[in-house]
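S.K.: Mind folding the following:
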Amino acid sequence: MKKIRPYIILLGLTILVLYSHFDKFLDAPNAYMLDTGVDGLKNYFNPMYYLKYDEGGWQFSGMNYPFGEHLVFTDGQPLFTRILKVFQNWGIPVADHLPAIFNILMFASVCIGALLLYSIARLYRLPEGFAILVSVVIACLSPQLHRFAGHYALSYVFVVPLFWYLTLKLFPEKGIPNVKALPGLILALYLTSLIHVYYLMIGCLWVLAYVLVYAINYRKNSQKWRRAMILGLGASLIPLLLFKIFLWVTDPIQDRPSNPYGFFSHVTYWEGIFLPQEGPMKSFIDQFADVRPVTGEGWAYVGFIGFLVLVFTLFRWGRYAIKRHFTLLGLRSFPRSFFLAFWAAVLLLFFAFGWPFNWGLEFLLDLVPPLKQFRSLGRFAWVFYYVFSMYMALYFFALFSLLKRRGLPKLGAWLLFVVLLFWGGEMWIHLKLRNERLLQYEHKNILRKPRIDYNQWLEDVGHTPGDFQALLPIPAYFIGSEKFYSEFVDYFSTREGMSASYQTGLPLACGLLSRTSISQTMELMEPLSSSLLPKQIMTKYKDQRPLLLMGIGGVLQTNEEKRLLLKADSLDTRENITLYRLPLSRIQSTRDSTIQFFSDQRDSMAVLSEDFYATDSTWMHFDPLSTEEVQSFEFKPTYVQEGPIEVFRGKIPQTGDWEASIWIESLSNVDGFPNLLLQEFDSKGDRINILDGVTRFQVDTYKNFVLSKRNFGVTNPNHTLVISITGRGISCKSLLIRPINSHIFRPVSGKSLIYNNYYLEED
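M.R.: Numbers count the residues shown, from 1 in each chain. Take a look at the predicted model:
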C-alpha cells in the first residue's frame, strides 16, 4: 500500500481536476460528442460505421464508395477499433456507444499520462508530494488537450511520456544499455502507430535524437555508445519497418500522394512554446508587446513560468560561456539521463521549427521521402513540452534545495508554493478554455439521436435503403488525395450525409479521409464531371441500383452539382433536405451521340483555322503546347518545374463571354495543382483585371489530367489578355480559348474528336 498510495492519490487528484471542468461529458459520455465539426464528426463516424457494417479486416467501406479505404487512413484509431470489432461480432453493440468509449479513453489518457510523468519524476529523484503535483499540472496543461476538439487520435497524453519512460528503461542512469527493455519500446512504437501514425514518427525521431546525444555524451566509452547506437537504431527503425511491412501486406493502393500540401504551413515558433496564444495572460502580454501568432498545430505552451525559467537558464549559460566554463552548459547539476532527454527534446524542437529544411534546404526532404507525409511539424514540439516542463520542476526543486542548504527553508518553501500556484493557475485556465471550446456548440451525439430518421423517411416514400447502392450528399466532398477540394464544402452536408449513412448503412460515394488514392478520387468525381467524358466509375459500381442523392437547400452548389440534381428524380423534401433517386443510366457518357452529331452536321459547319469546325463562324485559339501532332490525347505535355509560364498573350477580337481551358496533369509528387491565371491589360499596359482558375475545384478529369477552366468577359477588343499557369510541377497541354456559347470541333484520328477541348476518343 505504501508503494501504490502515491499513485492512488495522483489518480484521484487528476480525476478530480478533470471532473471539475468536464463533468458534463464525464457524467454522460455517450450523450455528447466532443466535436461535431467536419473532422470531429468524421472521426466518430468512420469507426462507428466500420464496427456496425463492415465485416472486419482492415478495409473500411463507409466512404469512397465503391473503393472504400484502408482503416489506417480513416483517422479511426484502428488499434482500438479492431479490438472493439471483436465485441461487436459477439453481439455487444459497441458501435452505438463508440463516442462514450473514445471520450473516456481520451480523458483516461490524461490520468495515465500523469502516472507516467510521476514515475519519470521519481526516477529523477523528485520527492513524492512535489512529483504528484507537477505531474498533474504537466498532464493537464498538455497541448494534446487541444486535440479533444476533433483530432481524437492525437489527444492521448500518455503516449509521449510512455516513449520517454521506456527510453529511460532502455538507457538506465547507471550501467550499459539494457537490451531487455528493447522489445517493450519497439512494441509501444508500433502499437501506437495503429492509433495514429504521427506517434510512430514522433517516437522514432525521439529515440534517434536521444541515442545521438547519448553517443556524443559517452563518446569516450566505446562499449556504451556502440551498444546504444545498435539498440537505438533497432528501437527506431524496427517499428518503422514493421509498419511499412504491415501496409505493404494490407494496402494495395500505389498512388497515394507522396508530397502532401503544407509541410512548412504548421511549424511552431518559440512563441508557441513559451508565450500564451490565448487566455488572460495573452491579453496582459499584448498590452506590452505584439506576440507573433502561432497556428494551433504549433502550440506547446509550457506556461509563463517556463518562459522565466528559459530566461534564467539562458542568462546562466551566458555567464558560463563568458567565463569559458563550457562544461556547465550541459545541465551537469541534473541527473545525466535528464541531460540526455533535454538535448534530445531540443533537437526535436528544432525539427518542429522546420529546421534545417526551411533554410532553403527543402531538397533534403527528397533524401527522406517519408518525412513529407508529416506536414504538421508543430506536433513534434510535444516532446519538448513534456521534457521542458519536467526541467522546470527539477529547476525549482534544485533552487529550493539550494535555499534550504543556505538556511532559508521557508523562502524555498514559499518559492515552490508560488511557482505551483501560478503554474497550476495556468493549468486551470487551460482546462477552462478547453471546456469552453467543447461547450461552444451543443455537441449532442447526433449519430445516436439524429435530427431526421432517414430509414423512416425512405419508407414513407416507398423505398428502403436496399433500393440504392450508395449515398451522395450535395454539396459533395472529395477530400484526402491532397489534389481536389470541394469549392463549397458544407458543414451541414457532411453532418447530414454521415447521419444518413450511419442510419441506413449506405456508404458515401464521396470521401473525407487522408492520403487517399489520386486515381480513385478522380473516378469518384465522374458522376459530377461533363457527360462528354467516359465514366469508368460505372464499371466499379457493384450493381445497377441507383444512387441516393441528398440535396442540401440554402447552401452554395457548383454548376456541376446542380446539373446532377436535375438528372435525378426528386423523392421528397423535409426541412432543407431533398432526397433524389439517380438511375445510373443518367450519368452515362454522351460521347457517342456527340461524335454522331458532328458526323451528321459537319458539311454545314463553318471551317475555322487548323481543321477546326464550328456551328457558327467565330474566332478561337487552340494551342496543343507541344511539338507533337495531336492524333489523340496521348501527346506529350509541356512541363516546367517552377511557374509561372505564359501560354497566351494577345487580343480577343470579339466582345462577349469567353472560356479559357487547359488540361493540367495530376502529378503525385507535387502537392495540389497549378492554377490558371488570366490578366487583362489596357492599351497603356496597365493591368485592369485579374482572374484565377483554381484547378483543385474542377471535376472534369481524363487520363490523369484535369481540365482547368475559367470564364471571362471581353468588353474591349484592344485590350491584351495574358494567360499563365502558376505553381510548381506544371505539366499541361491543349489550351483552347472560345466563346462560351460556341461549339468547336476538330476531328483527329479515326472516329476520335475534340469538342470544346474535350477529347472524345474511341475505346
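
S.K.: Please enumerate the helices of the stretch 451-600 of the chain.
M.R.: Shown for the stretch 451-600 of the chain, the helices assigned by DSSP state H, counting those that start in this stretch span residues 454-460, 491-504, 518-524, 559-567, 591-601.

S.K.: The spatially closest residue to residue 761 that is not a sequence neighbour: neighbour count?
M.R.: In space, and not counting its chain neighbours, residue 761 is closest to residue 752: 4.4 Å by Cβ to Cβ, 6 or more residues apart in numbering. Where you see a C-beta, it was placed from the backbone N, CA and C, and this is true even at glycine. By other Cβ atoms under 10 Å, the residues close to residue 752 number 18.

S.K.: again with the one 4 residues further on
M.R.: The number of residues packed near residue 756 is 19, by other Cβ under 10 Å.

S.K.: got it, and residue 585?
M.R.: Neighbourhood size, residue 585 [other Cβ under 10 Å]: 10.

S.K.: What of the one 10 residues further on?
M.R.: The tally of other residues near residue 595 (other Cβ under 10 Å) stands at 20.

S.K.: Can you name the residues that contact it?
M.R.: 751, 753, 760 (Cβ atoms under 8 Å, 6 or more residues apart in numbering).

S.K.: isn't the last one right up against residue 754?
M.R.: Yes: counting by Cβ atoms under 8 Å, residue 760 touches residue 754, with 7.4 Å between them.

S.K.: So what's the gap between stretch 27-43 and the chain middle?
M.R.: 18 Å (Cα atoms, centre = their mean, to the nearest Å).

S.K.: now stretch 118-127
M.R.: Worked out by Cα atoms, centre = their mean, stretch 118-127 lies 36 Å from the chain centre.

S.K.: Then stretch 494-503?
M.R.: Counting by Cα atoms, centre = their mean, stretch 494-503 is centred 21 Å from the centre of its parent chain.

S.K.: Leaving out chain neighbours, which residue sits closest to the residue nearest the centre of the chain?
M.R.: What sits nearest the mean C-alpha location of the chain, by Cα atoms, centre = their mean, is residue 514, with 6.4 Å. Among residues not flanking residue 514 along the chain, residue 73 sits closest, at 4.9 Å (Cβ to Cβ, 6+ apart).

S.K.: so that neighbour sits in a helix?
M.R.: Yes: applying DSSP: H, G, I helix; E, B strand; the rest coil, one finds residue 73 inside a helix.

S.K.: Give me the neighbour count for it.
M.R.: By other Cβ under 10 Å, 23 other residues sit near residue 73.

S.K.: residues touching it, list them.
M.R.: Contacts of residue 73 by Cβ under 8 Å, 6+ apart are 256, 480, 513, 514, 515, 516.

S.K.: Now list the buried members of the residues you listed.
M.R.: With burial judged by 16 or more other Cβ atoms under 10 Å, the buried subset of the contacts of residue 73 is 256, 480, 513, 514, 515, 516.

S.K.: ok, the closest residue to the third one other than its chain neighbours to residue 64 distance?
M.R.: The shortest distance from residue 513 to any residue that is not its chain neighbour, by Cβ to Cβ, 6+ apart, is 3.9 Å, and that residue is residue 480. The gap separating residue 480 from residue 64 is 8 Å, by Cβ to Cβ, to the nearest Å.

S.K.: Report the set of residues contacting both of these two.
M.R.: Joint contacts of residue 480 and residue 64 (Cβ under 8 Å, 6+ apart) are 511, 513, 516, 521.
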